[in-house]
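S.K.: Got a predicted structure here, sequence first:
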Amino acid sequence: MRKKTVSTVATATVLAMAMSACSSTPNNGGTNAPTPEFNAAVGKIYYESDYKGGTLKFAISEDWDSVDPGDTYYGLSWNLVRLYARSLVMYRPAPGPAGLELVPDLAESLGEVSDDGLTWTYRLREGVKFEDGTPITSKDVKYAVMRAIDTTGTLQNGVGIQGGYLQAILDLPDGDYGPYAAPGQDVSAITTPDDRTIVFHLKQPFSGFDYIAMLPLTAPVPESADDGVNYKTHVVSSGPYKFESYNAGVGFTLVRNENWDPATDPNRKALPDRYEIRLGVAADDIDNQIASGDLDVDLAGTGVQSAMLAQVLDENNPLHARADNPGSARQWYTSIIGRTAPLDNVHCRRAILYAYDRTGYQTAYGGPLAGGDISTQALVPPIPGYQKFDLYPAGPDNTGDLDKARQELAECGHPNGFDITIAYRSDRPKEQAVAESLQQSLARVGINLTLLGHPTSGYFSSFTDEFIREHNIGLATNGWAADWNDGYGFLGAIVDSRLIGPGSSNLGVNDPSIDALIDQALLEPDLDKRTAIWSEIDRKVMEGAFIVPGVWSKAVTLRSKNAANVFVHEAFGQYDYMAMSVAPPA
Amino acid sequence: MVVVSMITFAIFFLVPRLAGQTPELMAARYVGPRARSDQYHEVAERLGFFDPIHVQYWHWLKAIFVGMEFNYGNGVEHCPAPCFGYSYLRSTPVWPDLLERVPVTASLAIGAAVIWVLFGVSTGVISALRRGSIFDRVSMGTALAGVSLPIFFTGLMTLVIFSYGHPFRITAPGSSYTPFTENPAEWAYDLILPWITLAFLFAAAYARLTRAGMLETMHEDFIRTARAKGLAERAVVLKHGLRAALTPIVTIFGLDLGLLLGGAVLTESTFSLPGLGKYAVDAVMRQDFPQVMGVTMFATFFIVVANLVVDILYAVVDPRVRVG
């Protein structure tokens, strides 16, 4: 019997070894693979290659809102969606600042604006087709836009969210509109004079309309295939890849779309044969699999987990050379709510800006590499118009200038400080750490904070006048990422005082002169002049001391072992998922 | 099952209320982070959160048998019977999700069960027969480790040792799953590590249980009688000894398998397998109440059925239980 057991174990071992031999795949990324180095994919392309074929494997620890181009509001999704959906305009797929430039995608050229600035016209490229071979017409684009902003809110991330800017400027009818809310209604806000032309009619000029034409909601949707929110389970492709399978909450695969004609698409090389996307994979497992070469990309793009971070930051660890440290167009900051006394006095607000410990803020977010750079203003570097300035120098060690803070307190009539509450999102440990850091550093000048946690769900909508008054809320942690990388896409929703109210991300910036500048920027057709206005707005926000700047968000990400054409796209602050390809076999 | 349904309902509907949740706050989970408070009220009304408790329970229960229509944005969404809830966050009925995930959990549970019964029971028998031998000591020591170590530890250790880019890799990396019907070899290759991890935990308990049972049985009078009759030792051990020692094993096996079919939460999470357990965890993290309720009811079903099967099996294994 003992002999038998031994022989069974031996057989199992041999089998296991045989299986392992079958399964080991070459991971060395080809013969001409460049030597990896830290930040090799930031600002430049790591491993340029024209090799066609292979499979790219993506994974993410959570699911995101939707793969439906009209119903998604995540940066990672806008990055990925370009594989199977073509919007009118897109960002140039290039590393560095070149990536922030808009280029036509489904359209032949960028939008043509009328002299009065009220109509924007796009002409579709010739020969563009859906995955079933049906030609794409301007009506399909119009339908896609209207379903996304449909007033029933069927596409939760379309109406008021991705479609919010469009709804604000498009000359839409009062009341209901959209194919679900008002079937058969013909909206004159978008017209299609012929199958290749689409015209957007605005109620006020909007100089940055091309950014709206870049939104995924302008990717065409055939009306016959649309069944509202369930369209996500069978999205009809207009790009180089189509869905082979879609398994809600589990994953999906993309394969080549034979009806995509490369001649109609100067922006996509479409090198891989196939994409496998897995959802709900444990976050640490994702890091380990990327390190071992079993996986290529963490779709979330927000950086590795703390276990992997320790390895990656160690310069002697081979993984260090495979890491990148991209910044994104995102800032973590704290709003100062001027409605709460004594913060209605600018000197009291300035006292906070002098007294807080900037390094403490940075540490709360994970330090300079995993958290980001210390910010001293509202705009962040990826946004055109950013010019570094610091109105409230915090001493050589960046921990605060307490003398200046006390001077400001004296000027505001509270030389011994005051008591207020800081609200933060209780399910975000980093925001809690920020609140605690501010509590400690502001206490040094007598500004005493009470901490009030509130769940992320319903956080912004809870800031009613009564709520603020009842809890004496003077500060609230906040964070914002650009919807697109220009001044309006970043600042539009967070510094316009006319938006203040429950649900708004602007909790405290309240200055009519800033509102006037926003209006001026929207009407300004000249890009340089427009950019200069946003710089001015940035300065005014800080002069008024309306926000406590925190960190310009950065992440430590791991580059795939098996991929070529890897670079961080500045518009997304993530690897460009569309340009990445499989490295040639060794 | 009726009691279970009432408790499930109470947990998810009454407890949040008692904890101070208003219908508006509950609705807030379904309308996205940027909605306004007037939208909360509208949604809460549309979802029936203001109805009296017994009406809400009746709607929920009725849906399981006859399906339900949900007024959800674009006209009305139909959730066909058996409607185990409708996820407002995902805009999908829960039942098809559950059906989709059963094969994964079943593959994991049954595969692991085969391994742990085989290894656990045989180790237990050999240990009992060679009590005090090196085999006995080593296997019982290993069994103690198996019972004590948590899955998320053994799981990660096995992944590090056997999977991540290892030259002697015997399995796919975590999160891989191929349906049996698609490719049986790939299916086994993907699942072998989760099987071993899960089986390690259970086999250990079974080995200890079998050993104790066998030790007790082998000293019974009927064993001495069987030996006295001149039966071969093999027949004595397997037919008389093991069979008598098997009763508690069958009981615990039925319950364990039933529990696992309802979702092996830790194993599925560690290996990122899209089964019922992972579904439950994800739903809890998202606070998707209908999904959590659906999967809870579903898991309960397996446990109830497993109990029933165990009771029937008693009669097969132990002649004393047979009626008449």
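M.R.: On my side now, so go ahead.
S.K.: So the chain: which segments form each domain?
M.R.: Picked chain A for this. Following automatic domain parsing, one finds the domains of chain A at A:9-18+A:39-67+A:233-325+A:558-582, A:89-230, A:327-554.
S.K.: Chain B, not that one
M.R.: Listed by automatic domain parsing, the domain ranges of chain B are B:2-83, B:95-323.
S.K.: What's opposite the closest residue to residue A:432 other than its chain neighbours in the beta bridge?
M.R.: Using Cβ to Cβ, 6 or more residues apart in numbering or on different chains and skipping residues adjacent in sequence, the residue nearest residue A:432 is residue A:424, 5.7 Å away. The C-beta positions use only the backbone N, C-alpha and C, and glycine is treated the same way. Beta-bridge partners for residue A:424, by DSSP bridges, are residue A:453.
S.K.: Spit out the contact partners of residue A:424.
M.R.: By Cβ atoms under 8 Å, 6 or more residues apart in numbering or on different chains, the contact list for residue A:424 reads A:431, A:432, A:434, A:435, A:451, A:452, A:453, A:454, A:476, A:477.
S.K.: And residue B:129, by the same measure?
M.R.: B:214, B:218, B:237.
S.K.: distance of the first one from chain A?
M.R.: Spelled out, it's residue B:214. Distance of residue B:214 to chain A, given as Cβ to the nearest Cβ, to the nearest Å: 15 Å.
S.K.: cool, and the second one?
M.R.: Distance check for residue B:218 against chain A: by Cβ to the nearest Cβ, it reads 17 Å.
S.K.: Give me the neighbour count for that residue.
M.R.: 21 (other Cβ atoms under 10 Å in any protein chain shown).
S.K.: can you check the first one too?
M.R.: By other Cβ under 10 Å, the residues close to residue B:214 number 24.
S.K.: Tell me which residues touch it, please.
M.R.: Neighbouring residues of residue B:214 by Cβ under 8 Å, 6+ apart: B:124, B:125, B:128, B:129, B:241, B:242, B:245.
S.K.: what's the closest of these to residue A:204?
M.R.: Residue A:204 lies nearest to residue B:124 out of the contacts of residue B:214, by Cβ to Cβ, at 80.2 Å.
S.K.: Which of the three states applies to the closest one?
M.R.: helix (DSSP: H, G, I helix; E, B strand; the rest coil).
S.K.: so how many other residues sit close to the closest residue to it other than its chain neighbours?
M.R.: Spatial nearest neighbour of residue B:124, chain neighbours left out: residue B:210 (2.5 Å); criterion: Cβ to Cβ, 6+ apart. When neighbours are counted by other Cβ under 10 Å, residue B:210 registers 25.
S.K.: got CSV for the domains of chain B, with mean pLDDT too?
M.R.: Shown next, in CSV, are the domains of chain B (pLDDT from 0 to 100):
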stretch, mean pLDDT
domain B:2-83, 69
domain B:95-323, 83
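S.K.: just those: most buried one?
M.R.: Among these, the stretch with the highest mean neighbour count (mean count of other Cβ atoms under 10 Å in any protein chain shown) is domain B:95-323, at a mean of 19.
S.K.: What separation do you get for residue B:196 and chain A?
M.R.: 11 Å.
S.K.: Could you pull out the helices in the stretch 301-450 of chain A for me?
M.R.: Counting by DSSP state H, counting those that start in this stretch, the stretch 301-450 of chain A has helices at residues A:306-313, A:346-355, A:358-364, A:367-370, A:402-411, A:429-443.
S.K.: from the chain's centre, how far out does the first one sit?
M.R.: Distance, stretch centre to chain centre, for helix A:306-313: 24 Å (Cα atoms, centre = their mean, to the nearest Å).
S.K.: Show me what that helix is packed against.
M.R.: Packed against helix A:306-313 by the contact rule (3 or more Cβ pairs under 8 Å, 6 or more residues apart in numbering or on different chains; DSSP states H and E) you find helix A:283-292.
S.K.: Any residue of the helix it packs on touching chain B?
M.R.: Yes. Judged by Cβ under 8 Å from any Cβ of the partner chain, helix A:283-292 comes into contact with chain B at A:284, A:285, A:288, A:289, A:291, A:292.
S.K.: what's around the first one, how many residues?
M.R.: Residues near residue A:284, counting by other Cβ under 10 Å, number 18.
S.K.: Who are the contact partners of it?
M.R.: So residue A:284 contacts A:305, A:307, A:308, B:156 (Cβ under 8 Å, 6+ apart).
S.K.: Looking at neighbours, which among those residues is most surrounded?
M.R.: residue A:308 leads these on contacts (other Cβ under 10 Å) with 22 neighbours.
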